[in-house]
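Novice: quick one, fold the following:
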Amino acid sequence: MQTIDDFTGMLRHIGDMLRDWRQRRHLSQRALADAAGMSPRALSEMEAGRRLPDRDAVLRLAERLEIPLRDRNAMLVAAGHEAAFSARPPGDPALTQLWAMVEQAVQSPAPFPALALDRRWGIVASNDALRGLIAGVDPALLVAPINWARAVLHPAGLAPRIANLNAWREHVLNRLRRHFEATGDVVVADLMEEIGDYPVPAPTHSDPAPDDVAVPLRIMTVDGLLSFYGATSVFGSAVDVTLSELTIETFYPADDETAAIMRRAAPPTTGG
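Specialist: Model (predicted):
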């Protein structure tokens, strides 16, 4: 049986959540209220714990605040409503076709590396080219779930082989920082702090090259220096929490030499 104290706690909790997300997005109460089609007074009372937002109000506010689906569910529950978005595990039959699309998106770029990441940069799928690229990384870093940021930047990971490590390290940290600002995920914040504590190498002539149009990933291999430009894609129309948090990372050759090396290293295809 719910008590008055329980209800008061619920009001305070949802109020704190709304205020935290609004401040994270650098919006005033008036700006958010106008965008969500409600009065500033109503929003103020919600944030102060004097009014419980109905389901529609939570969803409208969450949409305007661009809150991730996982956190929209948390806000709904905090306000006493049912979650609106499914969070199916990868093996759920309802996601079979969509996970087939994820696998195809990862395999299609072969012989170039590609992988799918979850919300905390854990690898959930990858192709053979990516697995070949990380061969030689300390096995402790390759225990599932493999964290891509850690495997790349850890001193026992790919870091010693990255020719432009300072530039790539800053690129990864900036992406993690933007992700934390968007989601407020404390695990991502901890990952940033961990990576920030890794040894920082002295700058090299490859950090960065004057003709770069984007930050490439340059890796030394037994076949020579490989240089890739990364591309990131997401499932923008997803209404399932798990799928909405996936990103596909594809590494395309930044020069003809890299493309030729990767094609030569690819296993031969078998004809039917």
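
Novice: phi first, then psi, for the residue nearest the centre of the chain.
Specialist: In the chain, the residue lying closest to the centroid (Cα atoms, centre = their mean) is residue 119, at 4.2 Å. Residue 119 has phi and psi values of phi -70, psi -20 when expressed as degrees, to the nearest 10.

Novice: wouldn't it be in contact with residue 245 here?
Specialist: Yes: shown here, residue 119 and residue 245 form a contact pair, counting by Cβ atoms under 8 Å, at 3.8 Å. In this view, the C-beta of every residue, glycine as well, is placed from N, C-alpha and C.

Novice: what do the two both touch?
Specialist: By Cβ atoms under 8 Å, 6 or more residues apart in numbering, residue 119 and residue 245 have these common neighbours: 68, 70.

Novice: look up how far residue 59 lies from the residue nearest to the centre of the chain.
Specialist: Here the criterion is Cβ to Cβ, to the nearest Å. By it, residue 119 lies 21 Å from residue 59.

Novice: got the contact list for residue 37?
Specialist: Counting by Cβ under 8 Å, 6+ apart, residue 37 touches residue 60.

Novice: thinking again about what came up before, any idea how far the residue nearest to the centre of the chain lies from residue 214?
Specialist: Residue 119 is 24 Å from residue 214, by Cβ to Cβ.

Novice: neighbours of residue 193, how many?
Specialist: Other residues near residue 193 number 9, with proximity taken as other Cβ atoms under 10 Å.

Novice: in which helix or strand does it reside?
Specialist: If you go by DSSP states H and E, residue 193 is part of helix 186-196.

Novice: equivalent analysis for residue 225, please.
Specialist: strand 224-234.

Novice: give the rounded mean pLDDT of that strand.
Specialist: The average pLDDT within strand 224-234 is 94.

Novice: what's in contact with it?
Specialist: Counting by Cβ under 8 Å, 6+ apart, 105, 112-113, 133, 163, 214, 216-220, 244, 246-255, 257-258, 261-262 sit against strand 224-234.

Novice: list the helices and strands the helix holding residue 193 packs on?
Specialist: Other helices and strands packing on helix 186-196, by 3 or more Cβ pairs under 8 Å, 6 or more residues apart in numbering; DSSP states H and E, are helix 148-153, helix 165-183.

Novice: show me what the last one is packed against.
Specialist: Translated: helix 165-183. Counting contacts by 3+ Cβ pairs under 8 Å, 6+ apart, helix 165-183 packs against helix 148-153, helix 186-196.

Novice: possible to save those helices as JSON lines with mean pLDDT and distance to residue 266?
Specialist: Listed next are the helices and strands packed on helix 165-183 as JSON lines, based on pLDDT from 0 to 100; distance: least, Cβ to Cβ, whole Å:
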{"stretch": "helix 148-153", "mean pLDDT": "97", "distance to residue 266": "22"}
{"stretch": "helix 186-196", "mean pLDDT": "96", "distance to residue 266": "31"}
